[in-house]
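Novice: need a 3D model of the following:
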Amino acid sequence: MAQTAPIRVGTRGSRLALWQANAVRDALVSAHRLPDETVEIVPIKTSGDRIRDRSLADVGGKGLFTKEIEEALLSGAIDIAVHSAKDMETLLPERLAIGAVLPREDVRDALISRGGMMVDALPMGARVGTASLRREALLKRARPDLEIALLRGNVPTRLGRVENGEFDATLLAAAGLKRLGLENHITVLLPLEEFPPACGQGAIAVECRADDTRMHDLLGAIDDAPTSHAIRCERAFLAALDGSCRTPIAGYATVEGGRLSFKGIILAADGSESYEAEGSGTASEAAATGREAGVDIRRRAPEAFLQKLGIE
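Specialist: Modelled structure (predicted):
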């Protein structure tokens, strides 16, 4: 494809975010045989990067990691934006769309613990750090005695705070650790049955303006269809349940041979109560499958449970 104007790629400035942005850049360069200099990485500091002493649920939700980048996209300061799919708001701003999703990495959570202890072997009352309500609820479901404390920051920061003894353990996305070459820190990869992932975990999403046909055409060549269908399903599940970082919710779709399978769960904050749903269909029915699973949970879960989670 002929290409003259540069492509400006907006991203957060963390080491992991830059890795993801460069993966998108490399994919575009390879797919369209572009000169390297025609794709420019533009780091943007977000509110989520600046505010680290409070949970995202307390300061506005996971959109704090995307707000400034999406504003730059809407203003025309950048042409595309690269995000971890799990960090994106359930409902995108008007005029924006997901133009491509790269092939997915490992979706599992990884336990990093001092002394190489497994979850069931952590000392009584062990201090585990996380900023994720989903991980907190799943940990409490498995080990109600654990002390869960806020731990935010980039991946090396969180690893360091476990290593220096501030925390006995933490959970991190295996995908990020693998992408950064830090998998040697993993104590164990947690089973999906007991620790299902955040919707979108392990996937890199590329956002663009909905009416930007040039970018849609360019991104179409790097979109991984199975991952794209899976993410569409998981995001529809979130939307059906008003899912946000204020809701302990997990979901994971797989696509094989044109068939999609999905499992989702929503939990009480303390892990004491949960409701699960499953669904399947053709890949083209991805959004409907995720939405139906969410509606199924809404139908079965008691009103008091949903209200406690802020779901109307």
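
Novice: look up the closest residue to Phe305, ignoring the ones flanking it.
Specialist: What sits nearest to Phe305 in space, not counting adjacent residues and going by Cβ to Cβ, 6 or more residues apart in numbering, is Glu273, at 6.2 Å. C-beta here means a position set from N, CA and C on the backbone, and glycine is covered the same way.

Novice: from Ala240, how far off is the one you found?
Specialist: Going from Glu273 to Ala240 by Cβ to Cβ, to the nearest Å gives 19 Å.

Novice: which of these two has more residues huddled nearby?
Specialist: Neighbour tally, Glu273 and Ala240, criterion other Cβ atoms under 10 Å: the higher count belongs to Ala240, 22 against 15.

Novice: which SS state does the closest residue in space to that one that isn't next to it in sequence fall under?
Specialist: Closest residue to Ala240 apart from its sequence neighbours, by Cβ to Cβ, 6+ apart: Gly294 at 2.5 Å. With DSSP: H, G, I helix; E, B strand; the rest coil as the basis, Gly294 sits in helix.

Novice: burial of Gly294, as a residue count?
Specialist: Residues lying near Gly294 (other Cβ under 10 Å) number 24.

Novice: can you tell me which residues contact it?
Specialist: By Cβ atoms under 8 Å, 6 or more residues apart in numbering, the contact list for Gly294 reads Ala236, Phe237, Leu238, Ala239, Ala240, Leu241, Gly264, Ala277.

Novice: one more: Ile78?
Specialist: Taking Cβ under 8 Å, 6+ apart as the test, what Ile78 contacts is Arg8, Val9, Gly10, Val42, Ile44, Ile69, Ala72.

Novice: before we move on, what about Val128?
Specialist: Leu122, Leu139, Leu146, Glu147, Ile148, Ala149, Phe167, Asp168, Ala169, Thr170, Leu171.

Novice: then Asp26?
Specialist: With Cβ under 8 Å, 6+ apart, Asp26 has no contacts at all.

Novice: before we move on, back to that, list buried residues within the contacts of Val128.
Specialist: Leu122, Leu139, Leu146, Ile148, Phe167, Asp168, Ala169, Thr170, Leu171 (16 or more other Cβ atoms under 10 Å).

Novice: which secondary structure element is home to the residue nearest to the fourth one when sequence neighbours are not counted?
Specialist: Leaving aside its sequence neighbours, Ile148 sits nearest to Glu136 (Cβ to Cβ, 6+ apart; 4.7 Å). Glu136 belongs to helix 133-142 when elements are defined using DSSP states H and E.

Novice: the following helix or strand past that helix - contacts with which helices or strands?
Specialist: Per DSSP H and E, the first helix or strand lying C-terminal to helix 133-142 is strand 147-150. Packing partners of strand 147-150 (3 or more Cβ pairs under 8 Å, 6 or more residues apart in numbering; DSSP states H and E): strand 127-130, helix 133-142.

Novice: how does it look with 6 Å?
Specialist: strand 127-130 (3 or more Cβ pairs under 6 Å, 6 or more residues apart in numbering; DSSP states H and E).

Novice: mean confidence for the strand it packs on?
Specialist: The average pLDDT for strand 127-130 rounds to 97.

Novice: from the chain's centre, how far out does it sit?
Specialist: In this view, strand 127-130 has its centroid 19 Å away from the chain centroid, taken as Cα atoms, centre = their mean, to the nearest Å.

Novice: pairing partners for it, with directions?
Specialist: Using DSSP bridges, strand 127-130 pairs in its sheet with strand 147-150 (parallel), strand 169-173 (parallel).

Novice: any chance of those in CSV, plus mean pLDDT and distance to Ser84?
Specialist: Shown next, in CSV, are the strands paired with strand 127-130 (pLDDT from 0 to 100; distance: least, Cβ to Cβ, whole Å):
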stretch, mean pLDDT, distance to Ser84
strand 147-150, 97, 20
strand 169-173, 98, 8
